[in-house]
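Novice: okay, sequence plus prediction incoming.
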Amino acid sequence: MFGRRRREETPAAAVEEAAREPVRESGPWDSAEPHPERERVDLGGLRVPVGPGFEIQLNLAGDRIVGAVVLAGESALQVQAFAAPKRNGIWDDVRAELAAAVKSAGGTAEERQGPFGAELAAKVPGEGGPQPVRYLGVDGPRWFLRAAISGRAALDAEAAGILEDVVRDIVVVRGDEPMPPHESIELRLPPEARQAMDRQAEAPDLNPFKRGPEIAELR
């Protein structure tokens, strides 16, 4: 009796607000599920949070954006989103493939548990010797988010905190179009960045030694 009375007295607006509240404490989030509102850079398939203490750059392959990089001090976080099957995640397979690739290149990779579940603690051959990298993966509804933490944060839990929080607040926009598993979800420049590049391209260039427009940082 008391429970029914409380429901009847609950204003409709409060019910709607409760329905919009996230059912999980943190992400990564799917664009279709309720998630906290905050400032994010809209890259099409990814919405990456913006905040003090770090900057966002883009990974380019020719004219194509293939990922986003978050730089925080001596650490970096690279994130990419891929299509995945409707019912099954792909992180188990991707993790095994990553471990095999690292080892075949002469590095090491060890599976361990982290804040997002199973991850890889790797040492990848690089200039100056092996470089530490943490590979994280999150299976979502018809998408998969892969993240790689390098630099100091790959070994220092305190330094990793800010980058892990970025991963927790990313929103993945899968879209409704059919895509084969493992295909990269399309990313694009934010409108304001595209407009800035167009203005640079249209402006007369009187210095033949000046470098062309580049995407260096998004805030």
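Specialist: Cool, got the structure.
Novice: which residue ranges of this protein form helices?
Specialist: Under the criterion DSSP state H, the chain carries helices at the ranges 2-9, 12-20, 91-104, 157-168, 191-202.
Novice: show me what Leu120 is bridged to.
Specialist: Beta bridges link Leu120 to Glu111, Tyr135, judged by DSSP bridges.
Novice: which pLDDT value goes with it?
Specialist: pLDDT, the model's per-residue confidence, is 98 for Leu120.
Novice: next one: Arg7
Specialist: Arg7 is assigned a predicted lDDT (pLDDT) of 42.
Novice: how about the most centrally placed residue in the chain, what does it touch?
Specialist: With distances taken as C-alpha atoms, centre = their mean, Val79 lies nearest the centre of the chain, 4.0 Å away. Listed by C-beta atoms under 8 Å, 6 or more residues apart in numbering, the contact partners of Val79 are 46, 48, 67-70, 145-147, 166-167, 170. Quick note: C-beta positions are derived from backbone N, CA and C, even for glycine.
Novice: so how far is Ala81 from Leu43?
Specialist: When distance is defined by C-beta to C-beta, to the nearest Å, Leu43 is 9 Å away from Ala81.
Novice: joint contacts of those two?
Specialist: Once C-beta under 8 Å, 6+ apart is applied, the residues that Leu43 and Ala81 both contact turn out to be Leu187.
Novice: more neighbours, these two?
Specialist: In this view Leu43 and Ala81 are compared by other C-beta atoms under 10 Å, and Ala81 has more residues nearby, 27 against 24.
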